[in-house]
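Asks: A structural model of the following input is requested.
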Amino acid sequence: RAALIGFENVGKSSIIAALTHATPKISEAPFTTWQPLPGMMEIEDIQVQLVDTPALSKEHSQPELFDLIRSSDLILIVIDLQANSFQKLEDSITLLNEHKIIPKQWKDKTKDERRIEFIPVMVIVNKDDDDNFDEDFEVFKELMGTELPMVPISVNNKRNFDKLKNQLFEKSSGCCKKSRNKAS
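Replies: Residues are numbered from 1 along each chain as shown. Here you go, the predicted model:
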């Protein structure tokens, strides 16, 4: 199971609708998604459950949302390349950290491992609509300087969906074969 998380209007519901048979409500109005909505996506010979989640919020966070994220095999942080992408990624990671969820890729950098969930994280950078935005993505990726894998996509024109599916397949098959390392 992979939980799609992110702030309002980054395209989580649109990604779920494009990659699965789920039919989430999609709107330009913020906070359209109120409840998690699962959808199944087939990649190669496996089914991956993608879960659309309510938008993250710095002001109010629902404990159930973070319980769902904690029980996921993979976290997909969705950000909008064209709208404050640096801050939104940093805020998403900060909210996860505040709820004791740390990217598994950072396990070696974490000193205090008590009651922390280490879950693999991948960043989906939405609204990389055409070649003109590729340079913006490369600059974003370089400036973020993170070892978290990033995939640029465009839900509007299904750009790089094959690349996204391939990376999800690699991450999902690794999640299925290995149990997550949980600290006690």
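
Asks: C-alpha from now on. contacts and neighbour counts both.
Replies: Noted.

Asks: and the gap between N157 and Q47?
Replies: Between N157 and Q47 the distance is 23 Å, computed by CA to CA, to the nearest Å.

Asks: can you list contacts of the helix or strand containing L143?
Replies: Element membership for L143 (DSSP states H and E) is helix 131-144. Taking CA atoms under 8 Å, 6 or more residues apart in numbering as the criterion, the residues outside helix 131-144 that touch it are 81, 85-86, 125, 128, 150, 152.

Asks: just the CA atoms of that helix, as PDB, please.
Replies: Backbone C-alpha positions of helix 131-144 (Å, rounded to 0.1, in the frame of the first residue of the first chain) are rendered in PDB as follows:
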ATOM      1  CA  ASP A 131       9.800  20.100 -21.700                       C
ATOM      2  CA  ASN A 132       9.700  23.700 -20.600                       C
ATOM      3  CA  PHE A 133       9.300  22.600 -17.000                       C
ATOM      4  CA  ASP A 134      12.000  20.000 -17.100                       C
ATOM      5  CA  GLU A 135      14.700  22.500 -16.300                       C
ATOM      6  CA  ASP A 136      12.600  23.800 -13.300                       C
ATOM      7  CA  PHE A 137      12.400  20.200 -12.100                       C
ATOM      8  CA  GLU A 138      16.200  19.700 -12.400                       C
ATOM      9  CA  VAL A 139      16.800  22.900 -10.500                       C
ATOM     10  CA  PHE A 140      14.300  21.900  -7.800                       C
ATOM     11  CA  LYS A 141      15.900  18.500  -7.400                       C
ATOM     12  CA  GLU A 142      19.400  19.900  -7.200                       C
ATOM     13  CA  LEU A 143      18.500  22.600  -4.700                       C
ATOM     14  CA  MET A 144      16.600  20.200  -2.500                       C
END
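
Asks: beyond that helix, next helix or strand please.
Replies: Downstream of helix 131-144, the next assigned helix or strand under DSSP H and E is strand 150-152.

Asks: may I have the strands that pair with that next one, each with its orientation?
Replies: strand 121-126 (parallel) (DSSP bridges).

Asks: Three-state assignment for the residue nearest to the spatial centre of the chain, please.
Replies: Nearest to the mean C-alpha position of the chain, by CA atoms, centre = their mean, lies L76 at 1.6 Å. Reducing the assignment to helix, strand or coil with DSSP: H, G, I helix; E, B strand; the rest coil, the entry for L76 is strand.
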